[in-house]
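K.L.:
Show me how the following folds:
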Amino acid sequence: MSEKSAQKKKYIIETARRIFMDKGYKEVTMKDIVEACQISRGGLYLYFSSTKELFEEVLKMEQEDADDVFAESITEETTPTDILAIFLKEQKKELLNKQNSLGKATYEYFFANDIPGRDNLLKKQFDAAVHVLEGLIQEGVESGEFYCEDPRGCARNIMYLLEGLKIASHTRGISETAVDREIMYVMQGLVMEE
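P.N.:
Reported below is the predicted structural model:
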């Protein structure tokens with residue numbers, strides 16, 4: 001793919017992201033994307049054959065952007081406690097920022113598409129996050145910062161807590177105080193007393 005084509009594809013994905021944020025997943029049509037990008041229908045179909053395919057690319061871009069933001073926050077001197085705090089702070093921002101969120105669209109997408117377990121992008125992201133958190137918690141245990149007998153179980157519980165908070169934020173709303181309380185509970189359960 002040429003540089004110009006790569007830029008056009010990226011532009012389409014970024015534009016589609018905004019549309020999915022506004023309308024959710026179910027309501028978006030290829031016509032919406034064509035109009036927002038101000039390109040021909042054929043021009044769009046050169047890159048994407050459906051809103052499903054396009055939304056999957058949006059999800060991949062979201063994950064890459066989140067990974068980049070997280071990686072930029074970490075230095076050689078950053079401790080496991082600091083890294084966990086950074087991770088939870090980023091999660092809090094996402095939980096409280098429903099205007100610029102793909103949360104609703106993501107749930108609509110997964111309810112609308114019967115996706116087998118191992119091909120499920122959300123499952124892959126969840127499992128990858130559990131793996132990273134498990135390593136982080138294990139490192140914290142080894143350095144004496146954390147106390148945890150089951151790093152994998154703890155990592156899974158953190159991710160399930162965050163998933164529950166995401167659902168709550170989109171269905172009944174959640175306050176910053178409630179998010180802070182849950183994050184503090186996680187940190188207090190892991191961090192060793194001085």
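
K.L.:
rounded to a whole number, what's the mean pLDDT of the helix or strand harbouring Gly140?
P.N.:
Per DSSP states H and E: Gly140 is located in helix 121-143. For helix 121-143, the mean pLDDT works out to 89.

K.L.:
mind exporting whichever helix or strand comes after it as PDB, just the C-alpha atoms?
P.N.:
Next along the chain after helix 121-143, taking DSSP H and E as the criterion, comes helix 151-171. The C-alpha coordinates for helix 151-171 follow below in PDB (Å, rounded to 0.1, in the frame of the first residue of the first chain):
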ATOM      1  CA  PRO A 151      -1.200 -12.800  40.600                       C
ATOM      2  CA  ARG A 152      -3.200 -14.300  37.700                       C
ATOM      3  CA  GLY A 153      -6.400 -14.400  39.700                       C
ATOM      4  CA  CYS A 154      -5.900 -10.900  40.900                       C
ATOM      5  CA  ALA A 155      -5.200  -9.600  37.400                       C
ATOM      6  CA  ARG A 156      -8.400 -11.300  36.200                       C
ATOM      7  CA  ASN A 157     -10.400  -9.800  39.000                       C
ATOM      8  CA  ILE A 158      -9.100  -6.300  38.200                       C
ATOM      9  CA  MET A 159     -10.100  -6.700  34.600                       C
ATOM     10  CA  TYR A 160     -13.600  -8.000  35.500                       C
ATOM     11  CA  LEU A 161     -14.000  -5.100  37.900                       C
ATOM     12  CA  LEU A 162     -13.000  -2.600  35.100                       C
ATOM     13  CA  GLU A 163     -15.400  -4.400  32.700                       C
ATOM     14  CA  GLY A 164     -18.200  -4.100  35.200                       C
ATOM     15  CA  LEU A 165     -17.500  -0.400  35.800                       C
ATOM     16  CA  LYS A 166     -17.600   0.100  32.000                       C
ATOM     17  CA  ILE A 167     -21.000  -1.500  31.700                       C
ATOM     18  CA  ALA A 168     -22.200   0.500  34.700                       C
ATOM     19  CA  SER A 169     -21.000   3.700  33.200                       C
ATOM     20  CA  HIS A 170     -23.000   3.100  30.000                       C
ATOM     21  CA  THR A 171     -26.200   1.700  31.600                       C
END
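
K.L.:
circling back to that earlier point, got the CA coordinates for the helix holding Gly140 in PDB?
P.N.:
This file holds the C-alpha atoms of helix 121-143, laid out as PDB (Å, rounded to 0.1, in the frame of the first residue of the first chain):
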ATOM      1  CA  LEU A 121     -11.200  -9.200  19.700                       C
ATOM      2  CA  LEU A 122     -12.500  -8.200  23.100                       C
ATOM      3  CA  LYS A 123     -11.600 -11.500  24.500                       C
ATOM      4  CA  LYS A 124      -8.100 -11.200  23.000                       C
ATOM      5  CA  GLN A 125      -7.700  -7.700  24.500                       C
ATOM      6  CA  PHE A 126      -9.000  -8.900  27.900                       C
ATOM      7  CA  ASP A 127      -6.700 -11.900  27.900                       C
ATOM      8  CA  ALA A 128      -3.700  -9.700  26.900                       C
ATOM      9  CA  ALA A 129      -4.500  -7.200  29.600                       C
ATOM     10  CA  VAL A 130      -4.700 -10.000  32.200                       C
ATOM     11  CA  HIS A 131      -1.400 -11.400  31.100                       C
ATOM     12  CA  VAL A 132       0.300  -7.900  31.400                       C
ATOM     13  CA  LEU A 133      -1.200  -7.200  34.700                       C
ATOM     14  CA  GLU A 134      -0.300 -10.700  36.000                       C
ATOM     15  CA  GLY A 135       3.400 -10.000  35.100                       C
ATOM     16  CA  LEU A 136       3.200  -6.600  36.700                       C
ATOM     17  CA  ILE A 137       1.700  -7.900  39.900                       C
ATOM     18  CA  GLN A 138       4.300 -10.800  40.000                       C
ATOM     19  CA  GLU A 139       7.100  -8.200  39.600                       C
ATOM     20  CA  GLY A 140       5.600  -6.200  42.400                       C
ATOM     21  CA  VAL A 141       5.400  -9.200  44.600                       C
ATOM     22  CA  GLU A 142       9.100 -10.100  43.900                       C
ATOM     23  CA  SER A 143      10.200  -6.500  44.600                       C
END
